[in-house]
Each structure stands twice: as C-alpha cells, then as structure tokens.
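> Sequence first, then the predicted structure:
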Amino acid sequence: MVRTLQAQWPHARLTWVIGKTEATLVGDIQDVEFIIFDKATGWRAYRDLHRRLRGRRFDVLLHMQVSLRANLASLCVLADVRLGFDKIRAKDYQYLFTTDRIEGNPRVHVLDGFFQFLEALGINQRVLRWDIPLSISDREFAASKVRPAQPLVLISPCSSQRWRNYRNWSAENYAAVADYASERYQTSVVLTGAATAHERAYGERICALTRCTPQNLIGQTNLKQLLALLEQAALVICPDSAPAHMATAVQTPVVGVYATANPARSGPYLSQQWVVNKYPEAARMEFGKTVDELPWGKRVRNPEAMRLPTVADVTEKLDQLLGQRSS
C-alpha cells in the first residue's frame, strides 16, 4: 500500500500510526512519518497520540484496522475524508467512525481488500513490492546462520497465542518434515520464533525429536534479523502467522499449514499454490457447511482441526519446491 502510494502520488506526505513492535520492522521506511501507538501503556497511548496530532488535519484517513482500539485511536485523527471498510467488514462498529466506505467484493484476500482503499482514491495500479530496509549487520547475522551450498529451510512453528485461536501444527509433524528436508534434499534447517516459554518449549521438543539437529534460533532474533533470515531461505514452513507475510515481503515461498483459518483470505499472498489448505474440510466438520456458505473469515475454533494437515501433505509441497531448485 505504501509503495503504491509513493509511486502514484510521489508528493503526498504519509503518516502511519503504528504499533510499537511493528515499528521495529518497518519504522525506518523512508519518506513516511511514523507515530508509535504503544497499546501496552493503556489510555496513555491515546493521550500521547492526541498530543502528537493536536492542531493537524489530514486530507484522508485510511482506517484499515478493524478493532475497537483502532476505532478509538482514529478519533485523534482529524481528516476531511475518513475512509473505512464496507459494513460487512467493518467489525467493532468501525462504520460509526468513518465518513466513507470502500466498495468491491468483500470475499477477497486481506491485501486485495487494502488495495480497495486505493481504488476508492482513484488509484488502480498495484506495486507488489515491500523493500523493507535491512542493515548490513542484519544481513551479516543471517549469512552467519546459512551453511554454504545447503538450501536453508526455515521453520517458524508457532503463531501468537490467543484465546481459542488454534493454529499450531504438532512438534512431531514439524520434526518429521525437518528430517525429510534434511535427508532428501541436504538442506539445513533453522527454527525461529518469539522468546516466549511456549515457543521455546516447542522448539526444544522439535529438536529432541529430530535426527538432523536444526539450528534453534527461537527467541534469538529481532524482527529485522528474522526478515534477513527469511530472505536467505529457500522456503519457509509455518502456520497462519506473521512470518508467512514477512517471507512474502522478501519473495520467499511459504509452505503454509492451514486448517482453522481460510488461506484464501489471510494466507501468504504470493504462495497460495504452496499452502496446505485443510480449511474446507475443517469447516465441513465443524459447521457442516462449505466455505462459500460461511461468512468470509469465519474461524474454526476446534484444536482438533490442526490434525487434518499431514506430514505427507507438507512434504509433497517441499518436493515441488525443492525439486524445482535441484532440477
């Protein structure tokens, strides 16, 4: 979105209200003013945002986040046009906080929905490029973890933990896939993830089950270092999680493992053909309906659904990707 705006409206001044964590990844993009909204500080975040924006008025507010927190934050932004989602997608009463709404098919990928904001502004071109800045030290860090002449398979096994949000595949399955990639294609395997007790335990469990001895970097990278690693990887294996989209930003194929969320809506945008998609089966089991009969974005809240993707499903995708590299 930002790159398309910069390409089509090079003289426009862009301000991005962004979370503290997310700013560590993209907050050094040039020619964008970043204002950090630190939700961990509670009501002070709104007070600080109000102070930063007091006395300013914008031509357009692109209200692209559907949440109560984002709605309240938007009240700090004075704008002639407040553009939000259509009523179907405007969750948490977002439509009450906007003056105008996007149009178009709501049953599309999230990124396609974002581009509908630009279409509402008269921009129909798309620049599918991210160009997130990486420093020399970030790339040196990644290079130090790559074994020469061995393709790197990066496994990010966990999604963020949320209530009744079951997205993680089993450690046993990841271990089997790691061994398969290492033994069949002589790859090196790296594990990445956040520094939580849950993710560290997941990584330790995977390493204990493997024969190939992955490099376990869970809890040992910041977002920039992770992005540099993703850039070096031949492919990434992960569930519905942020690394799937970070890998997309650096043009690295993603073998996504999906069952409780619809990858056609939220999967890796440039790797749909590599996704193991068991969401239709999970939806039939849970709701007795097809994907077309369900509300767009409906999640399956059943932990058993992540048993549907099999090791064979994932290794088949690996064969297609790594076989291409070796042929």
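Received the coordinates, thanks.
> Could you tell me how many residues sit around T210?
Residues lying near T210 (other C-beta atoms under 10 Å) number 19. C-betas here are computed from N, CA, C, even on glycine.
> what residues are up against it?
By C-beta atoms under 8 Å, 6 or more residues apart in numbering, the contact set of T210 is A175, A178, D179, V189.
> ditto for A244
With C-beta under 8 Å, 6+ apart, A244 has these contacts: V236, C238, V254, G256, G267, P268, S271.
> rewinding a little: so which of the contacts of T210 are in strands?
V189 (DSSP state E).
> Let me know whether K224 touches R139 as I believe.
No: between K224 and R139 there is no contact under C-beta atoms under 8 Å: 9.6 Å.
> Next, give me the two most distant ones among the contacts of A244.
V236 and G267 (12.5 Å; C-beta to C-beta).
> okay, the two: which has more neighbours?
Set side by side, V236 and G267 show more neighbours around V236, with 28 against 24, by other C-beta under 10 Å.
> quick one: secondary structure of that one?
Assigned by DSSP: H, G, I helix; E, B strand; the rest coil, the conformation of V236 is strand.
> what's the nearest residue to it once chain neighbours are set aside in contact with, if anything?
Nearest non-adjacent residue to V236, counting by C-beta to C-beta, 6 or more residues apart in numbering: A247, 4.4 Å away. Shown in contact with A247 (C-beta under 8 Å, 6+ apart): L154, L230, A233, V236, C238, P253, V254, P268, S271.
> Among those residues, which ones are in strands?
Filtering these for strands - DSSP E - leaves L154, V236, C238, V254.
> Would you mind writing the PyMOL command to select the buried ones in the residues you listed?
Per 16 or more other C-beta atoms under 10 Å, the buried members of those correspond to this PyMOL selection:
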select buried, resi 154+236+238+254
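> And the ones in strands among the contacts of A247, which is closest to V2?
V254 (21.5 Å).
> what pairs with that closest one across the strands?
For V254, the beta-bridge partners are V236 (DSSP bridges).
> Please read off the pLDDT at it from the model.
As predicted, V254 sits at a pLDDT of 98.
> Against G19, how distant is the closest residue to R284 other than its chain neighbours?
Excluding the flanking residues, the one nearest R284 by C-beta to C-beta, 6+ apart is T290, at 6.9 Å. Counting by C-beta to C-beta, to the nearest Å, the gap from T290 to G19 is 35 Å.
> one step back: got the ones in strands among the contacts of A247 as JSON lines, with distance to A120 columns?
Shown next, in JSON lines, are these (distance: C-beta to C-beta, whole Å):
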{"residue": "L154", "distance to A120": "37"}
{"residue": "V236", "distance to A120": "33"}
{"residue": "C238", "distance to A120": "32"}
{"residue": "V254", "distance to A120": "29"}
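> pLDDT below threshold where in the stretch 1-150 of the chain?
Counting by pLDDT under 70, the stretch 1-150 of the chain shows no low-confidence range.
> all strands in it, in order from the N-terminus.
14-19, 32-37, 58-62, 79-84, 100-101 (DSSP state E, counting those that start in this stretch).
> Show me what the last one pairs with in its sheet, parallel or antiparallel.
When sheet partners are counted by DSSP bridges, strand 100-101 sits next to strand 79-84 (parallel).
> For the residue lying closest to R69 once chain neighbours are set aside, the count of nearby residues, please.
Distance criterion C-beta to C-beta, 6+ apart; nearest residue to R69, sequence neighbours excluded, is K39 at 6.3 Å. Residues lying near K39 (other C-beta under 10 Å) number 13.
> Okay, helices next: where are they in the protein?
2-8, 20-26, 43-53, 68-74, 110-120, 136-144, 171-185, 197-209, 223-232, 242-249, 263-266, 279-287, 311-326 (DSSP state H).
> For the second one, C-alpha coordinates in PDB please.
This means helix 20-26. The C-alpha trace of helix 20-26 is given here as PDB (Å, rounded to 0.1, in the frame of the first residue of the first chain):
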ATOM      1  CA  LYS A  20       5.500  -0.400  18.900                       C
ATOM      2  CA  THR A  21       6.500  -3.900  17.800                       C
ATOM      3  CA  GLU A  22       5.600  -3.400  14.200                       C
ATOM      4  CA  ALA A  23       7.600  -0.200  14.100                       C
ATOM      5  CA  THR A  24      10.800  -2.200  14.800                       C
ATOM      6  CA  LEU A  25      10.300  -3.900  11.400                       C
ATOM      7  CA  VAL A  26       9.100  -1.100   9.100                       C
END
